[in-house]
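Colleague: No sequence on hand, only this structure:
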């Protein structure tokens, strides 16, 4: 009986062995890139290209280890000791948190070109094929019978951009009359059918569950949804939206500890080369380099007017956060259900 | 006899209860698993094979197995020690110890993960020591093993404590009087009685360790190919729209679970036969 059991055990474990033996080869150099959720494909391709280039230049093998998750959560793990050599996150405020923990030196946002954002994105509308509700601009969202899908700005980073983009539009339209701007935002949220907690949840609500007429989404997310369900949706770029600049930074404390500053710097710099910029564009992020962005003019509506978070209207993330999204802020005032 | 007449009088009740059990188990447990496998079937074998032989899926699987083996081995030793202490010695706080063993059942795995972060993370109180000796615990394999140990701790101890308790200490006392040493006593007197319970506990522990998600998710850091276990990998794939890959990887876990259940049943069968002698 013992023999039977023993042989059964050996059989089970030996079934696993062949797959477990293959990966003993370690790279000469290894760096960790702690990133946020939707950059997976981008860095899959970019890392492959950069690793090959590094090998050609130095003769050493490099492995870039990726980590993906919610941007704030990822920043938190870095603060708690997840030794990222570089962080490539969704919001500058998340990198600022790492800076506050003393791991990144102040001034990181000037370390690389374009506010340390090698690629940008913006908020667009994803509508059903043929745009049956004829939605072209922000004020079409509050038309009778239009159902809007967006995540909750209280819990989702992406949703805050949706909200602020709408705010920027209304500020223009109503000539800085804040009472009217708030009324406009209030009406938009009255048209929201489902307020999910995260951007992916909203995309699923719109794409898979078929709820609503328009999804307010990241441009790169909207393109992914197009790829997921070809021929069922189209993207509408409103004339005015907001410019999101997902920043990158070197985590000074960890690269100094590991002695990887040089390769980490080279890695992030490579994002700004024409090759790196094209990979970003291919994965639906807008290249920061205007010349390369121009190559993607059929893909992105480049004529959009894009307001940044540092515009006097918002005054940077911390101010916008305090005014709009903290408890008792403007969002709480207009969204009372 | 009482049971028999009860069930005869309440035929409808008996049938109803049996039906409810079957429907419940089918809807809640079997259908979701079948769903996973059916999805994989839909994606086709080529997709499945590509997904399961993907570099990162294999690394995740390897890491999960490594974590599982470490956690199960350590838990078996801890479980034996704890069960031995509780059933063979008299000491103050014994009842408390038995209760404490169940903590992982009661506490949410997320909290377990957070506790490890608070202890071994950069802001934790042990960090200066770990840093000075260049030891990495959280966001590295040791953290994954620790988190898994925490979550699966009760399985082994819980299985063997009742067996040891119900048997009492007579045989051990006799063996000791006859001059047996500790290891001889354990091997020849105690172990034969608890081996089935122990194996049973190990199997449950294995199943749970392989699938552990919550606590591991907190301490992992999700470094792909380094600290991303198979359950974490499945979730990430799913969220990143790689539905086919995600379900294919999930099928590995489902297959492992089925294998473990089959093995458990064989074991139950064999152990019943064994006990007859």
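Modeller: Cool, the structure landed. Predicted model only: the values in this text are computed from it and were never measured.

Colleague: Next, see if the helix or strand hosting residue B:266 gets close to chain A.
Modeller: Assigned by DSSP states H and E, residue B:266 falls within helix B:243-276. Yes. Remark: helix B:243-276 sits within contact range of chain A at B:259, B:263, B:266, B:267, B:270, B:274, by Cβ under 8 Å from any Cβ of the partner chain. C-beta: built from backbone N, CA, C; applies to glycine.

Colleague: avg pLDDT for that helix?
Modeller: On average, the pLDDT along helix B:243-276 is 87.

Colleague: In this model residue B:52 seems to touch residue B:248, though I could be wrong.
Modeller: Yes. Shown here, residue B:248 and residue B:52 form a contact pair, counting by Cβ atoms under 8 Å, at 5.5 Å.

Colleague: Who has more neighbours out of the two?
Modeller: residue B:248 (26 against 17; other Cβ atoms under 10 Å in any protein chain shown).

Colleague: any idea how far residue B:49 is from the more buried one?
Modeller: 8 Å (Cβ to Cβ, to the nearest Å).

Colleague: swap in residue B:261?
Modeller: Per Cβ to Cβ, residue B:261 is found 25 Å from residue B:49.

Colleague: and if you look at residue A:242?
Modeller: 43 Å.

Colleague: More neighbours: which of those two?
Modeller: The neighbour count for residue A:242 versus residue B:49, taken as other Cβ under 10 Å, is higher for residue A:242 (24 against 11).

Colleague: Tell me what the more buried one is bridged to.
Modeller: residue A:307 (DSSP bridges).

Colleague: wait, it sits on residue A:120?
Modeller: No. Judged on Cβ under 8 Å, residue A:242 makes no contact with residue A:120 at a distance of 10.2 Å.

Colleague: Can you check which residues contact both of these two?
Modeller: In terms of Cβ atoms under 8 Å, 6 or more residues apart in numbering or on different chains, residue A:242 and residue A:120 are both contacted by the residues residue A:306.

Colleague: I'd assumed residue A:65 was in contact with residue A:51.
Modeller: No. Judged on Cβ under 8 Å, residue A:51 makes no contact with residue A:65 at a distance of 11.2 Å.

Colleague: the more surrounded of the two?
Modeller: Set side by side, residue A:51 and residue A:65 show more neighbours around residue A:65, with 20 against 17, by other Cβ under 10 Å.

Colleague: and the more buried one, what does it touch?
Modeller: A:30, A:31, A:32, A:33, B:223, B:224, B:225, B:226.

Colleague: pretty sure it belongs to a helix, no?
Modeller: No. Under DSSP: H, G, I helix; E, B strand; the rest coil, residue A:65 sits outside any helix and is assigned strand.

Colleague: Distance of it relative to residue A:35?
Modeller: According to Cβ to Cβ, residue A:65 and residue A:35 sit 11 Å apart.

Colleague: Now do the shared contacts for those two.
Modeller: Joint contacts of residue A:65 and residue A:35 (Cβ under 8 Å, 6+ apart) do not exist.

Colleague: middle-most residue in chain B, spatially?
Modeller: Nearest to the geometric centre of chain B sits residue B:205, at 2.4 Å (Cα atoms, centre = their mean).

Colleague: ok, now how distant is that residue from chain A?
Modeller: Using Cβ to the nearest Cβ, to the nearest Å, residue B:205 is found at 14 Å from chain A.

Colleague: List the contacts of that residue.
Modeller: Contacts of residue B:205 (Cβ under 8 Å, 6+ apart): B:71, B:72, B:75, B:76, B:152, B:155, B:156.

Colleague: any idea which helix or strand carries the third one?
Modeller: What it means is residue B:75. Assigned by DSSP H and E, residue B:75 belongs to helix B:55-88.

Colleague: can you check the last one too?
Modeller: In the assignment (DSSP H and E), residue B:156 maps to helix B:141-167.

Colleague: mind listing what's buried in that helix?
Modeller: Buried residues in helix B:141-167, counted by 16 or more other Cβ atoms under 10 Å in any protein chain shown: B:141-161, B:163-164.

Colleague: What is the host helix or strand of residue A:276 packed up against?
Modeller: Element membership of residue A:276, judged by DSSP H and E, is helix A:274-282. Counting contacts by 3 or more Cβ pairs under 8 Å, 6 or more residues apart in numbering or on different chains; DSSP states H and E, helix A:274-282 packs against helix A:40-58, strand A:119-128, strand A:286-287, helix A:290-295.

Colleague: who does the shortest one pair up with?
Modeller: Using DSSP bridges, the strands paired with strand A:286-287 are strand A:119-128 (antiparallel).

Colleague: What is the subsequent helix or strand relative to the partner strand?
Modeller: Tracing the chain C-terminally past strand A:119-128 and defining elements by DSSP H and E, one meets strand A:148-151 next.

Colleague: Let me know whether the helix or strand following that following strand sits next to chain B.
Modeller: Next helix or strand after strand A:148-151 toward the C-terminus (DSSP H and E): helix A:157-173. No. Judged by Cβ under 8 Å from any Cβ, helix A:157-173 and chain B are separated, with a smallest distance of 13.8 Å.

Colleague: Now the element after helix A:157-173, going C-ward?
Modeller: helix A:178-190.

Colleague: after the lowest-mean-pLDDT helix or strand in chain B, next one along is what?
Modeller: Least confident helix or strand of chain B, by mean pLDDT, DSSP states H and E, is helix B:2-9 with a mean of 55. Using DSSP H and E, the helix or strand that follows helix B:2-9 in sequence is helix B:11-25.

Colleague: Tell me which other helices or strands that next one touches.
Modeller: Counting by 3+ Cβ pairs under 8 Å, 6+ apart, helix B:11-25 packs on no helix or strand.

Colleague: did I read that right, residue A:249 in a helix?
Modeller: No. Residue A:249 is assigned strand when assessed by three-state DSSP, not a helix.

Colleague: That one and residue A:87 touch, don't they?
Modeller: Yes. Contact criterion Cβ under 8 Å: residue A:249 and residue A:87 qualify, at 5.5 Å.

Colleague: Those two: which has the busier surroundings?
Modeller: The residue with more neighbours, out of residue A:249 and residue A:87, is residue A:87; 29 against 26, by other Cβ under 10 Å.

Colleague: For residue A:156, report the pLDDT, please.
Modeller: Reported pLDDT for residue A:156: 80.

Colleague: cool, the one 4 residues further on as well?
Modeller: Reading off the confidence values, residue A:160 has pLDDT 89.

Colleague: Neighbours of it, how many?
Modeller: Other residues close to residue A:160 by other Cβ under 10 Å number 23.

Colleague: Which helix or strand in chain A has the lowest average pLDDT?
Modeller: helix A:2-20 (a mean of 51).

Colleague: Which strands and helices lie in contact with the next helix-or-strand element following it?
Modeller: Where DSSP H and E defines the elements, the next helix or strand beyond helix A:2-20 is strand A:29-35. If contacts are counted by 3+ Cβ pairs under 8 Å, 6+ apart, strand A:29-35 sits against helix A:40-58, strand A:62-67, helix A:71-79, strand A:86-88, helix A:261-270.
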